[in-house]
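*Asks:* okay, predicted coordinates and the sequence, questions at the end:
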Amino acid sequence: MTAVPRLQVEPSPTICVGILATDPLRLIGLQAILEESLHLRTTLLAEGGASRSSRPNVVVVDAGAPHNVSLAESVERLRKLLPSAPVIVLARIGTPEVMEEVVSAGALGFLPETAGVEEISACIQAVLEGTPWLPEESRQVALMSKSITEPHKNLSSRFTPKEREVLQWLTQGRSNREIAATMHIDEATVKAHLGRMLRKAKATNRVELTLRVLAEGH
């Protein structure tokens, strides 16, 4: 099986990571990794949203800590307040529903709460470059699924031009609402396009669709 390449974030005090975490111990641990191990700046974000003056380059949401609002709502609020900062969710793995929820809300990265320095570094690098990052186990499944798809016909070739445009924004972590606004269509139309794409790709949700597209190198 092809190994998943790992990237490394170059030490840069100019990269600022916004952190949304309510558990003090988890916050300290995350800050230590980002500041001491990766040499990145951090800024703390409020539970109800984020200050525009913070201007982080990327945001990490700790889903393992209790939140006063749902995880999806936290991601959506951050995407609205800081549209240029990709969002990474740090959460327990093994719950596809949670992954689907946060990806649908606009998160571009998803990390297990047990992620080490190397994986966190690779995830930050990927999302800063506009590439979705999902758990390694999920990426391996995507690589395996590639072998059972039609070898002569990749996924994107099955989609209409409009569906390929939706796919483009989907793989950049855009929510249905953001895709609708960008394409000047309503959310119902985006959902209709997505439904047809899922059927064509024989995928059960947008996370699986994104993984298969990434596995094919699109």
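*Replies:* It's in.
*Asks:* max-length helix in this protein?
*Replies:* Counting by DSSP state H, the longest helix found in the chain is helix 187-201.
*Asks:* same question for it: list its buried residues.
*Replies:* Going by neighbour count (16 or more other C-beta atoms under 10 Å), the buried part of helix 187-201 is 189-190, 193-194, 196-197, 201. (Each C-beta comes from the backbone N, C-alpha and C, glycine too.)
*Asks:* name the helices or strands packed onto it?
*Replies:* helix 161-170, helix 176-183, helix 206-215 (3 or more C-beta pairs under 8 Å, 6 or more residues apart in numbering; DSSP states H and E).
*Asks:* right, and the ones you listed - which one's nearest P132?
*Replies:* Nearest to P132 among the helices and strands packed on helix 187-201 is helix 206-215; the distance by C-beta to C-beta comes to 5.9 Å.
*Asks:* for this structure, which spans come out with low pLDDT?
*Replies:* Along the chain, the parts satisfying pLDDT under 70 run over 1-13, 47-54, 65-69, 93-96, 136-154, 214-218.
*Asks:* ok, now with 80
*Replies:* Scanning the chain for pLDDT under 80 picks out 1-13, 46-54, 64-69, 92-101, 104, 131, 134-157, 171-175, 202-208, 210-218.
*Asks:* what ranges does it have for its strands?
*Replies:* Along the chain, counting by DSSP state E, strands occupy 16-20, 41-44, 58-62, 87-91, 109-112.
*Asks:* so which of these comes closest to P132?
*Replies:* strand 109-112 (7.0 Å).
*Asks:* for the closest one, packing partners?
*Replies:* strand 87-91, helix 96-105, helix 117-128.
*Asks:* change it to 6 Å
*Replies:* Counting contacts by 3 or more C-beta pairs under 6 Å, 6 or more residues apart in numbering; DSSP states H and E, strand 109-112 is packed against strand 87-91, helix 117-128.
*Asks:* what's near enough to touch the residue nearest the centre of the chain?
*Replies:* Nearest to the geometric centre of the chain sits L108, at 1.9 Å (C-alpha atoms, centre = their mean). Listed by C-beta atoms under 6 Å, 6 or more residues apart in numbering, the contact partners of L108 are 86, 127, 132, 173.
*Asks:* what is the nearest of the residues you listed to L40?
*Replies:* Closest to L40 out of the contacts of L108 is V127 (13.2 Å), distances taken as C-beta to C-beta.
*Asks:* neighbours of the residue lying closest to that closest one once chain neighbours are set aside, how many?
*Replies:* Spatial nearest neighbour of V127, chain neighbours left out: P86 (4.0 Å); criterion: C-beta to C-beta, 6 or more residues apart in numbering. Per other C-beta atoms under 10 Å, the neighbour tally for P86 reads 28.
*Asks:* in stretch 111-122, what counts as buried?
*Replies:* 111-112, 115, 119-122.
*Asks:* biggest separation within those, which pair?
*Replies:* P112 and S121 (14.4 Å).
*Asks:* follow-up on the earlier one: could I get the buried residues of stretch 111-122 as TSV with distance to L27?
*Replies:* Shown next, in TSV, are these (distance: C-beta to C-beta, whole Å):
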residue	distance to L27
L111	16
P112	18
A115	16
E119	19
I120	15
S121	19
A122	22
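*Asks:* for I185, state which of these is nearest.
*Replies:* Set against I185, the nearest of the buried residues of stretch 111-122 by C-beta to C-beta is L111 (31.9 Å).
*Asks:* I am finished for the moment; much appreciated.
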